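A.B. asks: Pasting the sequence and the predicted coordinates here, then a few questions.
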Amino acid sequence: MFGKYMVAMMLLGLLVSTVWSQDDKNTQQVYSGPQVGEVLPGLIMKLGFGSGAGTEVDLVRESGDQPIVIVFVHKRSRPAFGLANAVMRYCEEEGGEELHHGICFLTGDPTDTANWLGKIRNYFPEKTPVGYSTEGIEGPGSYGLNRNVELTVLVARDSKVTANFALVQPGAHADGPKILAAIASATGTKARPDINKYLPSNQAAQDAPIAIDPRLMTQIRKINSKDATVESVGEGIAEIEKLVKDNKPLQNQLGSIVPRWVNSKRVDSIGNDDHQETIKKWAREYAPQMKRRAEAMDRQQSPQRMSDPEFTGLLRNVIQKSNTDEQVNAAAKEVEDYVEKNPAAAKELARITNTIVNSDKLSNYGTSHAQEVLKAWAEKYRTDK
């Protein structure tokens, strides 16, 4: 009897100690960067875009004794981008010239990051300095940043840290209000900032976890499996196309998954070129953030600015870099059929193709065969014959 009692007590003690250890693990404080009260070291980063692209700036030295907000992005993710963008919008719209602010991306490949930043320049507020550290994935050694978090947000005044946020899983609504309150305190602002004012209208939906339909998840796993063959990937993609067609909830679910494959370059190892292009198309069409980014790049880099989205989509199909000659011809046939029924589209096609052909950027558009198609259209549809 006594032996059974002792065994029971030992098991109970082991269970309690295990629970306490797990609780300690879950509630353990995460640290990243200088803590409150510590001096903020200088921060040299290279600007990613704008007139000063590639030049070095020291955000801390430029701020002097004025308030400053620095967001370090350790990992590229939708929640991290959403929160960083909202914080910078608040700084730019409410802080005035006396509130210094900037975003510093941490990377193991500065060249790749510099090229990538040039493609997303329209995502962040216009006046916000956005750049990258050249000191590796952990950033400047003097900062003691934690590579296991997604964001580190520092607020400082008089060269000393007044607030530090080390975020493993950042969320705009969970962390945004606390960060904005800390910034308002550093600037002496009495009004309580509302994070919703600085978020896109659909940010709440983006931040919420999305339950994935089992039918869709089955095909996702088939595509993403390490053992997937070109044939099985093709079958999975075909099934997904059937599932999401005219089904907005499933499109949203797909849009919450595929951007991660695109941003992490996982997509480059899936199936063949056609499969990869289909997945990238899903990201552009079904992920709100990726769709806005694609539209911004179109406005910035391409003369394709017609308000008709169907026409723009048809043109984009023609200039896909991964197209075969047969795919170019098929996509071109769709464009020609469309403009035949739409005189306004024919005029727009003339404007676009002549702009491209008469510039020095023709080689940027699609394959060599697609470029020949564009030249033929410039002649066929030009209005000054």
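C.D. replies: Great, that's in hand.
A.B. asks: quick one: pLDDT of the residue nearest in space to the middle of the chain?
C.D. replies: By Cα atoms, centre = their mean, the chain has its centre lying nearest to residue 78, at 5.4 Å. On pLDDT, residue 78 comes in at 82.
A.B. asks: pretty sure it is touching residue 259, no?
C.D. replies: Yes - with contacts counted by Cβ atoms under 8 Å, residue 78 reaches residue 259, the gap being 6.7 Å. For every residue, glycine as well, the C-beta is placed using N, CA and C.
A.B. asks: who's in contact with residue 311?
C.D. replies: Shown in contact with residue 311 (Cβ atoms under 8 Å, 6 or more residues apart in numbering): 335, 338, 339, 342, 345, 348.
A.B. asks: host element of it?
C.D. replies: helix 309-318 (DSSP states H and E).
A.B. asks: Give me the mean pLDDT for that helix.
C.D. replies: pLDDT averaged over helix 309-318 gives 82.
A.B. asks: Can you tell me how far the residue nearest to the centre of the chain is from residue 275?
C.D. replies: 23 Å (Cβ to Cβ, to the nearest Å).
A.B. asks: what's the answer for residue 237, then?
C.D. replies: Look at residue 237 and residue 275: by Cβ to Cβ, they are 6 Å apart.
A.B. asks: tell me, what's touching those two both at once?
C.D. replies: residue 223.
A.B. asks: sorry, back to before: mind checking which of the contacts of residue 311 are in helices?
C.D. replies: The helices, defined by DSSP state H, take in 335, 338, 339, 345, 348 from the contacts of residue 311.
A.B. asks: Can you pull out the low-pLDDT segments for this protein?
C.D. replies: 1-28, 51, 200-211, 288-308, 383-385 (pLDDT under 70).
A.B. asks: tell me the domain boundaries of it?
C.D. replies: 44-203, 214-290, 302-381 (automatic domain parsing).
A.B. asks: Format those domains as JSON lines; extra columns: distance to residue 38.
C.D. replies: Listed next are these as JSON lines, based on distance: least, Cβ to Cβ, whole Å:
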{"stretch": "domain 44-203", "distance to residue 38": "5"}
{"stretch": "domain 214-290", "distance to residue 38": "33"}
{"stretch": "domain 302-381", "distance to residue 38": "47"}
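A.B. asks: so which of those domains comes closest to residue 29?
C.D. replies: Checking those against residue 29 by Cβ to Cβ gives domain 44-203 as the closest, at 8.5 Å.
A.B. asks: for stretch 52-68, which positions count as buried?
C.D. replies: Residues of stretch 52-68 classed as buried under the neighbour-count rule (16 or more other Cβ atoms under 10 Å) are 57, 59, 60, 63, 66, 67, 68.
A.B. asks: Among those, which one lies nearest to residue 224?
C.D. replies: Among the buried residues of stretch 52-68, and counting by Cβ to Cβ, the member closest to residue 224 is residue 59, at 39.1 Å.
A.B. asks: In contact with that closest one: list those residues for me.
C.D. replies: Residue 59 touches 43, 45, 68, 70, 100, 102, 104, 129, counting by Cβ under 8 Å, 6+ apart.
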